[in-house]
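[1] One predicted model, sequence on top.
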Amino acid sequence: AARAVHWHRQATTIAITRDLAALGGRPQALVIAPAYVAEGLRACVAPLATYEQQPAEAITALVTLLERKHPRRRPDEVLTPWQQLEQRVAEEGFVEEQTVAALMGCSTDEAARLVQRWGGSELHALPGLGVCAPEALGEIRALIEENELLARAA
């Protein structure tokens, strides 16, 4: 019986990891799982909150995860253009160059250079396209290559 339970837990962990990986590099998902499956989900791209007996035990960890991913802002707090760009990239993964230029108050030609020079590690400039989070590069590259192949086939 213990072997069957272990196999079932391992199969569940594999299935969850597979399904979350299928969502891509920046899934809009949170995982709430029993602590006994947490070790197998450490490589999971989605944030993870665990519990021992009841799912409600994960509420504190879940709130902490959400606060970290989506910090609360006071209504009277005004974001700088850089903070607005960082927030949009964090939420959307990619921001078009025209939007970046509008936020920064510069031309589209200057936007990529500005981000390359001053953007920091959370922003990656794609000249002629926009700005993305570094972890979204692989997904964006695959989309560009796919569109190029479709254009050649047409």
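    Structure received. What you are looking at is a predicted structure, and each value in this text was computed from that prediction instead of being measured. Numbering: from 1, shown residues only.
[2] Show the contacting residues for A125.
    By CB atoms under 8 Å, 6 or more residues apart in numbering, the contact list for A125 reads 111-113, 115-116, 119, 131. The way it works is simple: take the backbone N, C-alpha and C, and place the C-beta from them, glycine included.
[3] and if you look at E146?
    Contacts of E146 by CB under 8 Å, 6+ apart: none found.
[4] ok, it to V131 distance?
    21 Å (CB to CB, to the nearest Å).
[5] Show the residue spans covered by the strands in this protein.
    31-34, 48-51, 94-96, 124-126, 130-132 (DSSP state E).
[6] out of those strands, deepest packed?
    strand 130-132 (a mean of 23; mean count of other CB atoms under 10 Å).
[7] returning to that earlier point: name the nearest of the contacts of A125 relative to Y51.
    V131 (37.4 Å; CB to CB).
[8] isn't the closest one right up against V100?
    Yes: in this structure, V131 is within contact of V100 by CB atoms under 8 Å, at 5.3 Å.
[9] What subset of the contacts of A125 is buried?
    Neighbour counting with 16 or more other CB atoms under 10 Å marks 111-112, 115, 119, 131 as buried within the contacts of A125.
[10] could you dump these to JSON lines with pLDDT and distance to R68?
    Output for those, formatted as JSON lines (pLDDT from 0 to 100; distance: CB to CB, whole Å):
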{"residue": "A111", "pLDDT": "91", "distance to R68": "28"}
{"residue": "A112", "pLDDT": "89", "distance to R68": "29"}
{"residue": "V115", "pLDDT": "89", "distance to R68": "24"}
{"residue": "G119", "pLDDT": "79", "distance to R68": "21"}
{"residue": "V131", "pLDDT": "90", "distance to R68": "22"}
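[11] now H70, nearest residue through space, not along the chain?
    E91 (8.0 Å; CB to CB, 6 or more residues apart in numbering).
[12] phi, psi of G105?
    phi 70, psi 40 (degrees, to the nearest 10).
[13] Return the distance of it relative to P81.
    Computed as CB to CB, the G105 to P81 distance reads 7 Å.
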